[in-house]
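*Asks:* Quick check, what structure comes out for this input:
(4 chains)
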Protein chains: 2
Amino acid sequence: MNDDVRTINAVETAFDIVEYLKESDGAGVTELATELDLAKSTVHSHLATLYSNGYVTRDGDTFHVALRFFNLGNYAREQSSLYQVGRKKVDELAEETGEKVYILAEEHGRGMHLYIATGKRSVQTYARTGQLSYLHQLAAGKAILAHLPDERIDEIIDRYGLPARTEATITDPDELWTELEEIRERGFAQNREESIPGLHAVGVPITDEDGVAVGSLSLSAPAKRLRGERFDEEVPRLLLGIANEIEINMAYV
Amino acid sequence: MNDDVRTINAVETAFDIVEYLKESDGAGVTELATELDLAKSTVHSHLATLYSNGYVTRDGDTFHVALRFFNLGNYAREQSSLYQVGRKKVDELAEETGEKVYILAEEHGRGMHLYIATGKRSVQTYARTGQLSYLHQLAAGKAILAHLPDERIDEIIDRYGLPARTEATITDPDELWTELEEIRERGFAQNREESIPGLHAVGVPITDEDGVAVGSLSLSAPAKRLRGERFDEEVPRLLLGIANEIEINMAYV
DNA sequence: CTTAGTTGTTTTGGAGAGCCGAACGGCCGC
DNA sequence: GCGGCCGTTCGGCTCTCCAAAACAACTAAG
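*Replies:* Numbers count the residues shown, from 1 in each chain, chains lettered A, B, ... in the order given. Next comes the predicted model:
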């Protein structure tokens, strides 16, 4: 599929509207028209279409993303073998370590938090199920990036750039490449306050039969609890073992 | 918003494609074109649009619903105050009774399983989070129907009909109306194997300040365990109490 | 190696539809 | 009652989405 095939404008507009409704927690016709630079009547027909098909709801003059999307979204998650297989393992791991453990799936060059298990000691982070993140900002994301073909890595950097989230976030492509090299060599990725101040994390890739990453497994904890040998050896070894189990199980789904 | 306003064809086609991909667990261009009665080139451009925006993925020649929808869908769920407030209560109730307890939300005349908590003794039903069901087939659904304005009930029956799921499903409008009258009087609904053979359920409405249902709370169990006084009084009283707590909490969100 | 039958992809042109702009009607608050 | 919001409606120009057919790539059969 070529990149410059003709796409359908009306469909993109419709999704732009839905995404804007999500970002703004609901909006009206006029706001949408000015923000998305469309005629009010255009927005109106789009909303009428989305409404009559059940994809948006309205509350007075503001429109919202409808639960109908949850129907589609939950289906997509349950279809994924990564979720089917990984969920149980992640629960066990969170129970065992007491920390926050999660699965990230790669899709279109970004990372989606497929499932999050919180252990007894885990801190309140703002990671949420269903969240879409940039890969370079996360241990789990870097673990994925390192196990993608080189040309895809370039593509992803080109497409999304390397936006910062904390002062420690890697924003330089060359720096990222050397980091990815290291990750390939030792087999796991680390995150040192690159996405949340005070938080460390370890991420390991989950790959298909060709060694290409389809997702990753990750554990995060306060920097003071995840350091030294536990950070560099213990937790990585634990995660690598589980990731391997997941890979094996996925092959037989 | 009038029913005969102009809707945008291309947008409806795009969603038809996505819904078909869901129903069929993935499909190719030709299959979509024949099933949806469209030209192959039309399907192709739609898929190209959806793909380049990240709403479908492809695996060889078959296209699938992408996780991107999970991002939107999970957002929609977490926005809902019914979910925010009800989740904890439902967990507690499932723990306490050992049975399966769930929250149903009403949207566009159908019921969406917002959250399901399974107790220790609960049976494996095929109810899943995110599932879209007909209201008349469920205790939770009938509880909602009974607490909607009469004209909306007529609308819903007109729009979706009363499809059967078991031999006990109510398929006659008059019968449904008398049942709804009873539910209004006693305040709760019962399901006697109307959706799954061998399964009983109790459902109570969750209403807004005007007494109109926005969702419902429900408990299901094997018919042999949910009968007699427990079915007719104990469980209904328990659910009504919790539903009331949820309503009060929702008013302050 | 050829052939027949799959796929998905690309290309055309024209009809039809989406988009815009402007006018409308309802609602609230100054 | 009047201005300034809101969403809704309508007519029409223009752009674009749709359809049909030819194309390319791949598989299976002989």
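*Asks:* Excluding chain neighbours, what is closest to the closest residue to DNA strand C within the stretch 101-250 of chain A?
*Replies:* Checking the stretch 101-250 of chain A residue by residue against DNA strand C with CB to the nearest atom of the strand singles out A:His108 as nearest, at 15.8 Å. Where you see a C-beta, it was placed from the backbone N, CA and C, and this is true even at glycine. Computed as CB to CB, 6 or more residues apart in numbering or on different chains, the closest residue to A:His108 that is not its neighbour in sequence is B:Gly54, at 4.3 Å.
*Asks:* Under a three-state scheme, what state does the one you found occupy?
*Replies:* When classified by DSSP: H, G, I helix; E, B strand; the rest coil, B:Gly54 comes out as coil.
*Asks:* can you tell me how far A:Ala105 sits from chain B?
*Replies:* 6 Å (CB to the nearest CB, to the nearest Å).
*Asks:* Adjacent strands (with direction) for the one helix or strand that residue maps to?
*Replies:* Secondary-structure element containing A:Ala105, defined by DSSP states H and E: strand A:100-107. Strand A:100-107 has the following strand partners under DSSP bridges: strand A:110-118 (antiparallel), strand A:213-222 (antiparallel).
*Asks:* what comes up buried for stretch A:144-157?
*Replies:* Buried positions in stretch A:144-157, judged by neighbour count with 16 or more other CB atoms under 10 Å in any protein chain shown: A:Ile144, A:Leu145, A:Ala146, A:His147, A:Leu148, A:Ile153, A:Ile156, A:Ile157.
*Asks:* Equivalent analysis for stretch A:188-195, please.
*Replies:* Judged by neighbour count (16+ other CB under 10 Å), stretch A:188-195 contains these buried residues: A:Phe188, A:Ala189, A:Gln190, A:Asn191, A:Glu193, A:Glu194, A:Ser195.
*Asks:* Report the mean per-residue pLDDT for the strand holding A:Ala105.
*Replies:* In this model, strand A:100-107 has a mean pLDDT of 94.
*Asks:* Kindly report the same for stretch A:10-28.
*Replies:* Confidence for stretch A:10-28, expressed as mean pLDDT, is 92.
*Asks:* what sits up against that stretch?
*Replies:* Outside stretch A:10-28, the residues within contact range by CB atoms under 8 Å, 6 or more residues apart in numbering or on different chains are A:31-32, A:35-36, A:38, A:42-43, A:46-47, A:49-50, A:55-56, A:59, A:61-65, A:69, B:8, B:10-11, B:14, B:46, B:49-50, B:53, B:55, B:72, B:75, B:79.
*Asks:* which residues does the residue of the stretch 101-250 of chain A closest to DNA strand C contact?
*Replies:* Taking CB under 8 Å, 6+ apart, we find A:His108 in contact with B:Gly54, B:Thr57, B:Ala66, B:Arg68.
*Asks:* What are the phi and psi values at it?
*Replies:* As for A:His108, its main-chain torsions (degrees, to the nearest 10) stand at phi 50, psi 40.
*Asks:* before we move on, the earlier item: can you redo the buried residues of stretch A:144-157 as JSON lines with distance to A:Ala201 and secondary structure?
*Replies:* Compiled in JSON lines, the buried residues of stretch A:144-157 are given as follows (distance: CB to CB, whole Å; DSSP: H, G, I helix; E, B strand; the rest coil):
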{"residue": "A:Ile144", "distance to A:Ala201": "13", "secondary structure": "helix"}
{"residue": "A:Leu145", "distance to A:Ala201": "15", "secondary structure": "helix"}
{"residue": "A:Ala146", "distance to A:Ala201": "15", "secondary structure": "helix"}
{"residue": "A:His147", "distance to A:Ala201": "17", "secondary structure": "coil"}
{"residue": "A:Leu148", "distance to A:Ala201": "19", "secondary structure": "coil"}
{"residue": "A:Ile153", "distance to A:Ala201": "20", "secondary structure": "helix"}
{"residue": "A:Ile156", "distance to A:Ala201": "20", "secondary structure": "helix"}
{"residue": "A:Ile157", "distance to A:Ala201": "21", "secondary structure": "helix"}
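*Asks:* domain parsing for chain A?
*Replies:* As assigned by automatic domain parsing, chain A contains the domains A:9-66, A:80-251.
*Asks:* Those into JSON lines, with extra columns for distance to DNA strand D?
*Replies:* Converted to JSON lines, the domains of chain A look like this (distance: least, CB to the nearest atom of the strand, whole Å):
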{"stretch": "domain A:9-66", "distance to DNA strand D": "2"}
{"stretch": "domain A:80-251", "distance to DNA strand D": "16"}
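*Asks:* would CSV of the strands paired with strand A:100-107 with mean pLDDT and mean neighbour count be doable?
*Replies:* As requested, the strands paired with strand A:100-107 are exported to CSV (pLDDT from 0 to 100; neighbours: other CB atoms under 10 Å in any protein chain shown):
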stretch, mean pLDDT, mean neighbour count
strand A:110-118, 94, 22
strand A:213-222, 94, 26
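*Asks:* Sweet, I'm off.
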